[in-house]
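**Q** pasting the sequence and the predicted model now:
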Amino acid sequence: MIKYIKSISQISIEECYESILKNQSLVYCAFINEFDISIYPDILSDVDMKRVNEFIKFDDKMRSIVGRMIICQILALIMQIKPSSVEILVNKFGKPFCKNRICHFSISHSNKCVVVALNSRLVGVDVEFVKSGIYWTDIAQTIFSDKEC
C-alpha cells in the first residue's frame, strides 16, 4: 500500500502494525514542498538535528528532515516512545536501521519526493525523478549499435 501524506499526524499505528504482522510493505510518500515540518525540532533527536545542519543545500535539508520525521514517527508509534528517542544507526554500507531492530525500513528521495517503506522483512525502496523532454531512445541510438537497440 502506498499512502501520500502531508503531515506525520497521517501516520497510523494500525497501518504500521498490520504491515508488520502481514509481512506486507507499507510505503509513505511525501513531497517536501507540501509536508508540514513545523514540529521537526520536537521529532528529531540531537544527532539527527546535527546531521541535518551539515547539509548546505536547502532541498537536501528538507529531504533529510521529512524522511527522518516519517521514520521516527513510525518507529516511535510502534515502540511507544517519543520520536526524538528513536535511535537510528547505519550499517557498514550506510543503510539506516533501528537500534531496536523492531522492523525494517528504507528511505529514498529524489527532487521534491521522499519515500519511506516499512516491513517486518528486509525492504528496499527507490524513487527517481525523471526529467521530461529526455528521450532515452534517441540517446541509445547514438551510443549503441543497431543490434543493441
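**A** Structure's in. What do you need? The shown structure was predicted, so the numbers you read here are calculated from the model rather than taken from an experiment. Numbering: from 1, shown residues only.
**Q** buried ones in the lengthiest helix in the chain?
**A** The single longest helix within the chain, with elements called by DSSP state H, is helix 58-79. By neighbour count on 16 or more other Cβ atoms under 10 Å, the buried set for helix 58-79 is 61-78. The C-beta positions use only the backbone N, C-alpha and C, and glycine is treated the same way.
**Q** show me what contacts Q10?
**A** For Q10, the contact set (Cβ atoms under 8 Å, 6 or more residues apart in numbering) comprises K3.
**Q** just the pLDDT for it.
**A** What the model reports for Q10 is a pLDDT of 93.
**Q** quick check: D36 vs Y17, distance?
**A** For D36, the distance to Y17 equals 24 Å [Cβ to Cβ, to the nearest Å].
**Q** for G94, same thing?
**A** Note on G94: its distance to Y17, by Cβ to Cβ, is 28 Å.
**Q** same deal with R121?
**A** Distance, R121 to Y17, using Cβ to Cβ: 15 Å.
**Q** more crowded one of these two?
**A** Y17 (14 against 10; other Cβ atoms under 10 Å).
**Q** in what helix or strand does the more buried one lie?
**A** Using DSSP states H and E, Y17 sits in helix 13-21.
**Q** check which residues of the helix or strand following that helix are buried.
**A** Sequence-wise, the next helix or strand downstream of helix 13-21 (DSSP H and E) is strand 26-31. Going by neighbour count (16+ other Cβ under 10 Å), the buried part of strand 26-31 is 26-30.
**Q** and those as TSV, adding pLDDT?
**A** Shown next, in TSV, are the buried residues of strand 26-31 (pLDDT from 0 to 100):
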residue	pLDDT
L26	92
V27	94
Y28	95
C29	94
A30	95
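**Q** mind listing what I32 touches?
**A** 59, 62-63, 66, 112-114.
**Q** ok, and the closest non-adjacent residue to it?
**A** Nearest-residue entry for I32: M62, 4.1 Å, with adjacent residues in sequence omitted and distances by Cβ to Cβ, 6 or more residues apart in numbering.
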